[in-house]
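Undergrad: Got a predicted model here, sequence first, then my questions.
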Amino acid sequence: MLDTKQLLDRFISYVTIDTQSDPHSKSTPSTDKQWNLAKKLHQELLDIGLEDVSIDENAYIMATLPSNVSHEVPTIGFISHFDTSPDFSGTNVKPQIHENYQGGDIILNKAKDIILSPAYFEDLNKYIGNTIITTDGTTLLGADDKAGVTEIVSAMAYLIKHPEIKHGKIRVGFTPDEEIGRGAHKFDVEKFGAEYAYTMDGSEIGELEYENFNAAEAKIHFHGRIVHPGYAKGKLKNAMYMATEFVESLPKNEVPEKTEGYEGFFHLTDMNGEVEKAYLHYIIRDHDKTKFEARKELIYKLGQLLKDKYGEDAITVEVNDQYFNMKEQVLPVKHIVDIAEEAMKSLDITPILKPIRGGTDGAQLSYMGLPCPNIFAGGHNFHGKFEYLPLENLIKATEVIIKIAELTAKKSN
Ligand SMILES: [Zn+2]
């Protein structure tokens with residue numbers, strides 16, 4: 001049995017250290033304060049008895065739990081990130097613990113009248129009887145992804161204390177700066193040396209993900225011609241009208257607010273303009289590679305149509321790929337998803353396999369040669385003051401890690 005109190009204490013000790021990352025910083029880690037937790041984690045991995053514990057100049061932490069069986073078992077890894085989102089404050093996190101949740105509103109902050117309500121966040125209803133860890137309404141919680149860190153550390157500590165559970169070599173990795181899209185950037189896949197790994201960075205219990213968006217961004221510049229409006233007939237070209245024409249010609253229903261599941265979209269994230277020049281910024285998303293390519297083509301095609309109308313140098317179109325669907329890298333080793341699924345089922349957890357409508361570090365790692373599906377870490381409402389974590393999810397995710405280690409060794413015997 002896992003020591004629940006120890007898990008909770010460990011989680012609290014992580015979330016009370018501010019590790020917010022900063023997209024405007026060029027350094028790694030993007031904020032110096034991430035070192036505070038990185039150094040603590042490094043020490044803790046040594047203390048629980050892991051081997052090859054290392055921390056590099058960019059604050060990437062790695063460690064090894066050696067195999068305790070004589071037969072060959074593939075080396076697997078577990079990865080999570082210790083930074084928190086720049087979207088909401090992570091300074092002075094004061095976790096509140098609500099034992100034996102009986103449904104209904106949870107008052108996060110009486111003075112500020114901040115309430116976590118199942119009327120709005122229906123998922124809460126799934127956790128009646130659980131211990132719910134919340135914020136005090138002034139910060140995020142940081143379960144994303146310190147829940148993942150807690151689970152990995154706790155699972156390793158448990159396996160060390162329980163040598164009767166047989167497993168192969170396990171590598172663990174903790175990264176900075178995932179929330180600003182750079183968690184995988186300086187991850188040394190070769191040094192990590194695992195055949196495949198799992199990121200513990202999903203949300204609700206049961207989540208198991210190995211599909212994510214293909215992603216690109218489009219930058220479209222429109223160049224107009226300014227002429228005194230009184231004498232402008234036949235001469236003036238208004239860049240803002242060109243831009244609106246472009247916006248109008250994209251499919252109206254293929255936008256984030258009207259799509260779900262496997263439906264892709266064009267999302268206008270920025271527009272600005274004056275008569276002489278206008279600018280549009282889009283992000284393009286689709287799980288399906290062919291549809292993704294067609295979306296990028298459409299952007300170019302619409303640009304060309306407007307060029308034909310307003311002149312070759314009136315519009316410049318630039319489309320850049322951002323990341324790709326990890327599915328293509330994971331499918332050849334699909335058994336790694338199957339093992340995770342089996343681990344969950346054996347723990348009475350219903351696996352929820354669904355496509356991620358976004359990207360993950362695992363997607364980047366998968367393309368760097370480390371296939372990396374994502375498993376639930378247990379928290380809800382990430383990146384804001386309503387973030388919460390049922391303690392039971394934290395325990396279950398830890399058990400999933402232990403079970404995956406066990407199954408991997410069993411299956412290769
Ligand atoms: Zn995360």
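TA: Thanks, I have the structure now.
Undergrad: From now on I want contacts and neighbour counts done on CA atoms only, so please keep to that.
TA: Noted.
Undergrad: near the ion, which residues of this structure?
TA: 144-145, 201 (C-alpha under 5 Å from the ion).
Undergrad: Neighbour count, secondary structure and pLDDT added to those, as TSV?
TA: Shown next, in TSV, are those (neighbours: other C-alpha atoms under 10 Å; DSSP: H, G, I helix; E, B strand; the rest coil; pLDDT from 0 to 100):
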residue	neighbour count	secondary structure	pLDDT
D144	31	helix	95
D145	29	helix	96
D201	28	strand	95
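Undergrad: nearest spatial neighbour of G369, skipping sequence neighbours?
TA: V189 (7.2 Å; C-alpha to C-alpha, 6 or more residues apart in numbering).
Undergrad: what about that neighbour, neighbour count?
TA: 15 (other C-alpha atoms under 10 Å).
Undergrad: List the residues that contact the residue nearest the centre of the chain.
TA: In the chain, the residue lying closest to the centroid (C-alpha atoms, centre = their mean) is T360, at 4.4 Å. For T360, the contact set (C-alpha atoms under 8 Å, 6 or more residues apart in numbering) comprises N212.
Undergrad: Tell me the secondary structure of L208, please.
TA: At L208, secondary structure determined by DSSP: H, G, I helix; E, B strand; the rest coil is strand.
Undergrad: Need the per-residue pLDDT for it.
TA: At L208 the predicted local distance difference test score is 97.
Undergrad: Then the one 10 residues further on?
TA: pLDDT for A218: 97.
Undergrad: now the closest residue to the ion within the stretch 201-350 of the chain, nearest residue through space, not along the chain?
TA: Relative to the ion, the nearest point of the stretch 201-350 of the chain is D201 (5.0 Å; C-alpha to the ion). Among residues not flanking D201 along the chain, A377 sits closest, at 5.2 Å (C-alpha to C-alpha, 6+ apart).
Undergrad: Wait, that neighbour touches E209, no?
TA: No. A377 lies out of contact with E209 (C-alpha atoms under 8 Å); the separation is 11.9 Å.
Undergrad: Which one's more surrounded, the two?
TA: A377 (33 against 26).
Undergrad: how about the helices in the stretch 251-400 of the chain?
TA: 289-310, 327-330, 335-346, 361-367, 391-411 (DSSP state H, counting those that start in this stretch).
Undergrad: Throw those into JSON lines and include distance to K33, thanks.
TA: Listed next are the helices of the stretch 251-400 of the chain as JSON lines, based on distance: least, C-alpha to C-alpha, whole Å:
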{"stretch": "helix 289-310", "distance to K33": "38"}
{"stretch": "helix 327-330", "distance to K33": "34"}
{"stretch": "helix 335-346", "distance to K33": "34"}
{"stretch": "helix 361-367", "distance to K33": "21"}
{"stretch": "helix 391-411", "distance to K33": "25"}
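Undergrad: which helices and strands does the helix-or-strand element of the chain with minimal mean pLDDT pack with?
TA: Least confident helix or strand of the chain, by mean pLDDT, DSSP states H and E, is helix 361-367 with a mean of 92. Contacts defined by 3 or more C-alpha pairs under 8 Å, 6 or more residues apart in numbering; DSSP states H and E place helix 361-367 against strand 196-202, helix 327-330.
Undergrad: Please save the CA atoms from it in CSV.
TA: Only the C-alpha atoms of helix 361-367 are listed here, as CSV (Å, rounded to 0.1, in the frame of the first residue of the first chain):
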residue,chain,number,x,y,z
ASP,A,361,6.3,17.4,-24.8
GLY,A,362,5.8,13.7,-25.6
ALA,A,363,5.0,14.6,-29.2
GLN,A,364,8.3,16.4,-29.6
LEU,A,365,10.1,13.6,-27.8
SER,A,366,8.4,11.1,-30.0
TYR,A,367,9.9,12.8,-33.0
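Undergrad: got the contact list for that helix?
TA: 178, 181-184, 189, 198-199, 212, 323-326, 329-330, 371-374.
Undergrad: distance between it and the chain's centre?
TA: 11 Å (C-alpha atoms, centre = their mean, to the nearest Å).
Undergrad: and if you look at stretch 156-171?
TA: 27 Å.
Undergrad: follow-up on the earlier one: select only the buried ones of the contacts of helix 361-367 in ChimeraX?
TA: Buried members of the contacts of helix 361-367, defined by 16 or more other C-alpha atoms under 10 Å, are picked up in ChimeraX with:
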select :178,182,183,184,198,199,212,323,324,325,326,329,330,371,372,373,374
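Undergrad: Keep only those of the contacts of helix 361-367 that are in strands.
TA: Judged by DSSP state E, the contacts of helix 361-367 include 198-199, 323, 374 as members of strands.
Undergrad: May I ask which two of those residues are separated the most?
TA: Y198 and Y323 (18.2 Å; C-alpha to C-alpha).
Undergrad: name the element Y158 belongs to?
TA: helix 143-161 (DSSP states H and E).
Undergrad: and that helix, what does it pack onto?
TA: For helix 143-161, the packing partners by 3+ C-alpha pairs under 8 Å, 6+ apart come out as helix 4-15, helix 34-48, strand 76-81, strand 196-202, helix 391-411.
Undergrad: what's the third one in contact with?
TA: By C-alpha under 8 Å, 6+ apart, the residues outside strand 76-81 that reach it are 145-146, 148-149, 152, 168-178, 183, 194-201, 405.
Undergrad: How about the last one?
TA: The contact list for helix 391-411, computed with C-alpha under 8 Å, 6+ apart, reads 2, 4, 7-8, 69, 73-74, 76, 130-133, 147, 150-152, 154-156, 159, 165-168, 170, 204-205, 339-340, 343-344, 347, 376-379.
Undergrad: Using PDB, write out the CA atom coordinates for that helix.
TA: These are the backbone C-alpha positions of helix 391-411, laid out as PDB (Å, rounded to 0.1, in the frame of the first residue of the first chain):
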ATOM      1  CA  LEU A 391      -5.800  12.900  -3.800                       C
ATOM      2  CA  GLU A 392      -7.200   9.500  -5.000                       C
ATOM      3  CA  ASN A 393      -6.100  10.400  -8.600                       C
ATOM      4  CA  LEU A 394      -2.600  11.000  -7.300                       C
ATOM      5  CA  ILE A 395      -2.600   7.600  -5.700                       C
ATOM      6  CA  LYS A 396      -4.000   5.800  -8.800                       C
ATOM      7  CA  ALA A 397      -1.500   7.400 -11.200                       C
ATOM      8  CA  THR A 398       1.300   6.300  -8.900                       C
ATOM      9  CA  GLU A 399      -0.100   2.800  -9.000                       C
ATOM     10  CA  VAL A 400      -0.300   2.900 -12.800                       C
ATOM     11  CA  ILE A 401       3.400   3.600 -13.000                       C
ATOM     12  CA  ILE A 402       4.200   0.700 -10.700                       C
ATOM     13  CA  LYS A 403       2.000  -1.600 -12.700                       C
ATOM     14  CA  ILE A 404       3.400  -0.600 -16.000                       C
ATOM     15  CA  ALA A 405       6.900  -1.300 -14.700                       C
ATOM     16  CA  GLU A 406       5.700  -4.700 -13.500                       C
ATOM     17  CA  LEU A 407       3.900  -5.600 -16.700                       C
ATOM     18  CA  THR A 408       6.800  -4.600 -18.900                       C
ATOM     19  CA  ALA A 409       9.100  -7.000 -17.100                       C
ATOM     20  CA  LYS A 410       6.500  -9.800 -17.100                       C
ATOM     21  CA  LYS A 411       5.800  -9.500 -20.800                       C
END
